[in-house]
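Engineer: Pasting the sequence and the predicted model now:
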Amino acid sequence: MSKRPVLIEMEGPAHAGPDRAPPVPDTVVPEGQAMQGVMTGVARRPSRLARLFWGLALGLLGVVVSVAAWDFATGLIARAPTLGYVVAAMGLALLGVALVIALREAAGFARLGRLDALQRQAATALREADLEGARAVVGQLKTLYSGRGEVRWGLDRLAGREAEQFDAEALLGLAEAEVLAPLDALARREVELAARQVAMITALVPLALADVAGALVANLRMIRRVAEIYGGRAGVLGGWRLARAVMAHLVATGAVAVGDDLIGSVAGGGVLSKISRRFGEGVVNGALTARVGVATIEVCRPMPYIRARRPSVTWLVRRALSGLFGQG
């Protein structure tokens, strides 16, 4: 019997082998799902039916709680007068605290409205080359920041040089350089800090929805801090309303998606995603947070950009993430 190998020819196409396997596709560039969810969620307005439902529900709950508290206090006074009066005093104190909180919220809305009105006046004076209007804007600007230590030196320089300006653009540009430049630096620092926090949370926290919650908290804190820097300190409701206005603007302009100003950041995220998908998502979420920060600065800044350059999202992300993921 022969022990030589036997060659058996198969009919039909050859079977696929390792040499015929398709190439492994490149890693998909991350899109920042956490930040996109935060931006669309905050910007989404509830329907009229939902607003009506919650308005009626809260109104009914307030009436029920008030009546129950009144009945409890009067009944307690009838049974134990001393204890009843103590409880009634505590209730009145609670109402007083609630009134103070409401007044603070109203003052916060007024401060935000003041910044918005000042920004519109400055834009009008700049567009119409109105020197008197520009002087009025500068006067309001000095009143707004008169008690701020970080701009005291700039206010002194502005007071000494504003009489030399005979052009609306020159006067507003001087005010921007002397008064707003230090505040712009502080605002950019807050944006960098928020972008770094969101990137770290996304990269290091593997829990589901934890990156969304972390991004939401960091962005709301950043929006509130930027508003405080420019003199628009708001309460809880005012801060939420400002956040919705910023997010709605970004969603309406299509800034939720990755665009030209994020090319450098997305490229970095794509490189990192080949090593870790979470790191790549962290870079892009940080970039989208920086974009929210730039929009917040534009909304809260009491004057439009005149001579100063609008902060670049890519530049902010590079500063925020420099050394964090090994990129500068």
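Structural biologist: Noted; the coordinates are in hand.

Engineer: starting at the chain centroid, how far to the longest helix seen in the chain?
Structural biologist: Longest helix of the chain, by residue count under DSSP state H: helix 81-128. In this view, helix 81-128 has its centroid 22 Å away from the chain centroid, taken as C-alpha atoms, centre = their mean, to the nearest Å.

Engineer: which other helices and strands contact the helix or strand following that helix?
Structural biologist: Note on helix 81-128: by DSSP states H and E, the next helix or strand toward the C-terminus is helix 131-144. On a contact count with 3 or more C-beta pairs under 8 Å, 6 or more residues apart in numbering; DSSP states H and E, helix 131-144 meets helix 81-128, helix 152-161, helix 168-175. From N, CA and C alone the C-beta is placed, and that goes for glycine too.

Engineer: Nearest to residue 230, out of the ones you listed?
Structural biologist: Minimum separation from residue 230 across the helices and strands packed on helix 131-144 (C-beta to C-beta) falls at helix 81-128, 6.2 Å.

Engineer: and the angle for the closest one with helix 131-144?
Structural biologist: Angle, helix 81-128 to helix 131-144, by axes from the mean of the first three to the mean of the last three C-alpha atoms, to 10 degrees: 150 degrees.

Engineer: circling back to that earlier point, let's have the helices and strands packed on helix 131-144 in JSON lines, adding mean pLDDT and mean neighbour count.
Structural biologist: JSON lines is the format used below for the helices and strands packed on helix 131-144 (pLDDT from 0 to 100; neighbours: other C-beta atoms under 10 Å):
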{"stretch": "helix 81-128", "mean pLDDT": "89", "mean neighbour count": "14"}
{"stretch": "helix 152-161", "mean pLDDT": "88", "mean neighbour count": "14"}
{"stretch": "helix 168-175", "mean pLDDT": "90", "mean neighbour count": "21"}
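
Engineer: now those helices as CSV including distance to residue 285?
Structural biologist: What follows is the helices and strands packed on helix 131-144, written out as CSV (distance: least, C-beta to C-beta, whole Å):
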stretch, distance to residue 285
helix 81-128, 27
helix 152-161, 35
helix 168-175, 35
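
Engineer: nearest to residue 207, of these?
Structural biologist: With C-beta to C-beta as the criterion, residue 207 lies closest to helix 81-128 of the helices and strands packed on helix 131-144, at 33.2 Å.

Engineer: Could you quantify the relative orientation of that closest one and helix 168-175 as an angle?
Structural biologist: 130 degrees.

Engineer: Packing partners of helix 81-128?
Structural biologist: Against helix 81-128 (3+ C-beta pairs under 8 Å, 6+ apart) you get helix 48-79, helix 131-144, helix 168-175, helix 236-252.

Engineer: so of the ones you listed, which one's packed in deepest?
Structural biologist: helix 168-175 (a mean of 21; mean count of other C-beta atoms under 10 Å).

Engineer: still on that earlier bit, for the helices and strands packed on helix 81-128, which one sits closest to residue 315?
Structural biologist: helix 236-252 (18.6 Å).

Engineer: What is the closest one packed up against?
Structural biologist: helix 33-43, helix 81-128, helix 210-229, helix 277-300.

Engineer: a markdown table for these, including distance to residue 145?
Structural biologist: Below are those laid out as a markdown table (distance: least, C-beta to C-beta, whole Å):
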| stretch | distance to residue 145 |
| --- | --- |
| helix 33-43 | 29 |
| helix 81-128 | 11 |
| helix 210-229 | 11 |
| helix 277-300 | 13 |
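
Engineer: Residue 318: which of those helices is closest?
Structural biologist: helix 277-300 (9.7 Å).

Engineer: Next SSE downstream of the closest one?
Structural biologist: Following helix 277-300 in sequence, per DSSP H and E, is helix 313-321.

Engineer: can you pull the buried residues of that next one?
Structural biologist: Within helix 313-321, the residues that count as buried by 16 or more other C-beta atoms under 10 Å are 313, 314, 316, 317, 318, 319, 320, 321.

Engineer: Compute the mean per-residue pLDDT across it, please.
Structural biologist: Averaging pLDDT along helix 313-321 gives 81.

Engineer: Would you mind writing the CA trace of that helix as CSV?
Structural biologist: Extracted in CSV, the C-alpha atoms of helix 313-321 (Å, rounded to 0.1, in the frame of the first residue of the first chain):
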residue,chain,number,x,y,z
VAL,A,313,-12.9,75.8,20.8
THR,A,314,-9.8,73.8,19.7
TRP,A,315,-7.5,76.2,21.6
LEU,A,316,-9.5,75.9,24.8
VAL,A,317,-9.6,72.1,24.5
ARG,A,318,-5.8,71.9,23.9
ARG,A,319,-5.2,74.0,27.0
ALA,A,320,-7.7,72.1,29.1
LEU,A,321,-6.5,68.6,28.1
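
Engineer: Could you list every helix and strand in contact with it?
Structural biologist: Helix 313-321 packs on helix 181-204, helix 263-275, helix 277-300, going by 3+ C-beta pairs under 8 Å, 6+ apart.

Engineer: And it, how far out from the chain middle?
Structural biologist: Mean-position distance between helix 313-321 and its chain equals 16 Å (C-alpha atoms, centre = their mean).
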